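Peer 1: Need coordinates for the following:
(chains A and B)
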Number of protein chains: 2
Amino acid sequence: MSDQVKSTNITWHHGDITREDRERMNGHRSCVVWFTGLSGSGKSTIAHAVDNLLFERGCRAYVLDGDNVRHGLNRNLGFSPEDRTENIRRIGEVAHLFVQAGVIALTAFISPYRSDRDNARKTAGDDFIEVYVKCDLDVCEARDTKGLYKKARAGEVKEFTGISAPYEEPLQPELILDTAQETVDESAFRVLAVLKRRGIID
Amino acid sequence: MSDQVKSTNITWHHGDITREDRERMNGHRSCVVWFTGLSGSGKSTIAHAVDNLLFERGCRAYVLDGDNVRHGLNRNLGFSPEDRTENIRRIGEVAHLFVQAGVIALTAFISPYRSDRDNARKTAGDDFIEVYVKCDLDVCEARDTKGLYKKARAGEVKEFTGISAPYEEPLQPELILDTAQETVDESAFRVLAVLKRRGIID
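Peer 2: Numbering: from 1, shown residues only, chains lettered A, B, ... in the order given. I've put the predicted structure just below:
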C-alpha cells in the first residue's frame, strides 16, 4: 500500500473536483427543476415520472419531496408562514448542493410563496427551471389523494394551502403543466423537452 | 410528441427509482463517510483527497463541509451546543439524501458531540463509516490554517472546540487517521481501503 501511495501522491493536488467535472463524467448538465402547485396537483407524481425518464437515459437525478424531506431534514418545521419559508429555504439549499454534485434536483413542494421560490432561484443560480403544476382547486379537492382537503374543510388541518392559506401563482414560470388536461406522461415529456432545449440533457 | 408519449406511457409505472437502481447504474454502492476531529486536523483536506480518488475511479461522491454547508443550509445556526446539534442533525439528513441518490457522501465537520454523531449514524442506516481524524490539539494549533486558534486564545472566537468547548473522541470509529504521522495521500488511501473492504467500491 505504501508504494501505491507514493506513486500517486499528486492526485489530489489537482484541486477539488468541480461541478463541471462531475457534469462531464455524467454526460449531462445539472439543474434544479422546481415543481410548485397545490396539494394534489400532481407535483410529486410528475417529478418521479421525470426521474424515471432521466434514469432510463442514464442521467443522474433525484426527487426531493415531502416523503424524504418533511420527515427528515425539515421534521422540526410546521406550516406557519415562517416555517414554510424556512422549509423552502432549506430545500433550495439542498437542491443547490445536489446541483453542485452534478445531479439534476427535482423538487416537489407546494412552495406557495412567490418570494420563497424566488429565493430558491437565487440560491440555485442560472439553472433553475420553475414548473407550475397548474390544477384548479376543485379538481385537486375532488382527487384528494391524501384525504387532506376533507380534513382542511373540517378544520382538522390548519393553514392548508388553497383553503386556509394562500397560494401565489408563479408569474413567469419556465413551464406550466395543466394536469387537469394532460396525462402524467405528457407532463413528464414536456419537462424533458425543456431540459433538452436548455442543453441540460441531449 | 404526442405519439412518443403514448408509446412510452408505461415507463414511470414501474415505480420510483430506488437507491439500489442508482447504485447499479453507478457501478458502486453509496454510504456516508463521516470525518470528525478538531479544527485543523485535516478533515476537509482528506475528504477532498478521497473525493479526487473516487472521481478518478468513476465513482459518484460529494464533500459536504463548512464551505458549502455553513454558509448555505446552516447559515442560520451558531456554535451553541443546541445549534451544533441542529447543525449535525441537518448534515446527517442531507448525507442520507445523497446516499439515497446513490452518491457517496463525504462529510467533514468537527462534530464534537458523540451523541450527535451517533444520531447521524442512525439516520444513515447501515452504511455509515466514522473516520476519526486524530491530531493533537497542539499540532492543530501550530498549523492554525484558518487563524482561528489564535482568535480563540484571544477570546475573539467563543465556544471554540478544544479551547473553550469540548471534543468527545469517538469510542469505536471505523477508522482512525493519525494526521500528525501520515500524509494526506496515505490517509485518503486508507479510507479507500475501508470502502473496498466493505464492498462500497471495487
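
Peer 1: C-alpha only now, for contacts and for neighbours.
Peer 2: Noted.

Peer 1: tell me which residues form a beta bridge with the closest residue to residue A:43 other than its chain neighbours?
Peer 2: Spatially, and ignoring its direct neighbours in sequence, residue A:43 is nearest to residue A:108 (5.3 Å; Cα to Cα, 6 or more residues apart in numbering or on different chains). Per DSSP bridges, the residues bridged to residue A:108 are residue A:35, residue A:65.

Peer 1: give the contact list for residue A:108.
Peer 2: By Cα atoms under 8 Å, 6 or more residues apart in numbering or on different chains, the contact list for residue A:108 reads A:34, A:35, A:36, A:43, A:44, A:47, A:63, A:64, A:65, A:66.

Peer 1: can I get those residues in a markdown table with neighbour count and pLDDT?
Peer 2: Below are those laid out as a markdown table (neighbours: other Cα atoms under 10 Å in any protein chain shown; pLDDT from 0 to 100):
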| residue | neighbour count | pLDDT |
| --- | --- | --- |
| A:34 | 28 | 98 |
| A:35 | 28 | 98 |
| A:36 | 30 | 98 |
| A:43 | 28 | 97 |
| A:44 | 24 | 96 |
| A:47 | 27 | 98 |
| A:63 | 25 | 98 |
| A:64 | 23 | 97 |
| A:65 | 20 | 95 |
| A:66 | 16 | 91 |
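
Peer 1: Now do the same contact list for residue A:177.
Peer 2: By Cα under 8 Å, 6+ apart, residue A:177 lies in contact with A:131, A:132, A:133, A:134, A:187.

Peer 1: Please name the residues that touch the fourth one.
Peer 2: Under the criterion of Cα under 8 Å, 6+ apart, the contact partners of residue A:134 comprise A:37, A:38, A:41, A:176, A:177, A:178, A:179, A:180.

Peer 1: Run through the strands of chain A in chain order.
Peer 2: Here chain A has its strands, by DSSP state E, at A:32-36, A:61-65, A:104-108, A:128-134, A:175-178.

Peer 1: quick one, helices of chain A?
Peer 2: Per DSSP state H, chain A carries helices over the ranges A:2-7, A:19-26, A:43-56, A:66-68, A:81-100, A:114-124, A:137-143, A:148-153, A:184-197.

Peer 1: quick one: the last one to chain centroid distance?
Peer 2: Yep, that's helix A:184-197 we're talking about. Distance of helix A:184-197 from the chain centroid (Cα atoms, centre = their mean, to the nearest Å) equals 14 Å.

Peer 1: Any buried residues in it, and which?
Peer 2: Residues of helix A:184-197 classed as buried by neighbour count (16 or more other Cα atoms under 10 Å in any protein chain shown): A:184, A:185, A:186, A:187, A:188, A:189, A:190, A:191, A:192, A:195.

Peer 1: elements contacting that helix?
Peer 2: Applying 3 or more Cα pairs under 8 Å, 6 or more residues apart in numbering or on different chains; DSSP states H and E, we find helix A:184-197 packed against helix A:43-56, strand A:175-178, helix B:2-7.

Peer 1: Looking at the ones you listed, which is nearest to residue B:26?
Peer 2: Ranking the helices and strands packed on helix A:184-197 by proximity to residue B:26 (Cα to Cα) places helix A:43-56 first, at 11.2 Å.

Peer 1: what does the closest one rub up against?
Peer 2: Outside helix A:43-56, the residues that touch it by Cα under 8 Å, 6+ apart are A:35-37, A:60-63, A:65, A:106-109, A:133, A:184-185, A:187-189, A:191-192, B:11-12, B:16-17.

Peer 1: Now do that helix against helix A:184-197, angle only.
Peer 2: Counting by axes from the mean of the first three to the mean of the last three Cα atoms, to 10 degrees, helix A:43-56 lies at 60 degrees to helix A:184-197.

Peer 1: which of the residues in helix A:43-56 are buried?
Peer 2: Judged by neighbour count (16+ other Cα under 10 Å), helix A:43-56 contains these buried residues: A:43-55.

Peer 1: Alpha carbons only: can I get that helix in CSV?
Peer 2: Extracted C-alpha coordinates of helix A:43-56, given in CSV (Å, rounded to 0.1, in the frame of the first residue of the first chain):
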residue,chain,number,x,y,z
LYS,A,43,-46.1,17.6,-8.5
SER,A,44,-44.5,14.6,-6.9
THR,A,45,-46.0,12.1,-9.3
ILE,A,46,-44.7,14.1,-12.3
ALA,A,47,-41.3,14.6,-10.6
HIS,A,48,-41.0,10.9,-10.2
ALA,A,49,-42.1,10.3,-13.8
VAL,A,50,-39.4,12.7,-14.9
ASP,A,51,-36.9,10.9,-12.7
ASN,A,52,-37.8,7.6,-14.4
LEU,A,53,-37.4,9.1,-17.8
LEU,A,54,-34.0,10.6,-16.9
PHE,A,55,-32.8,7.3,-15.3
GLU,A,56,-33.7,5.4,-18.5
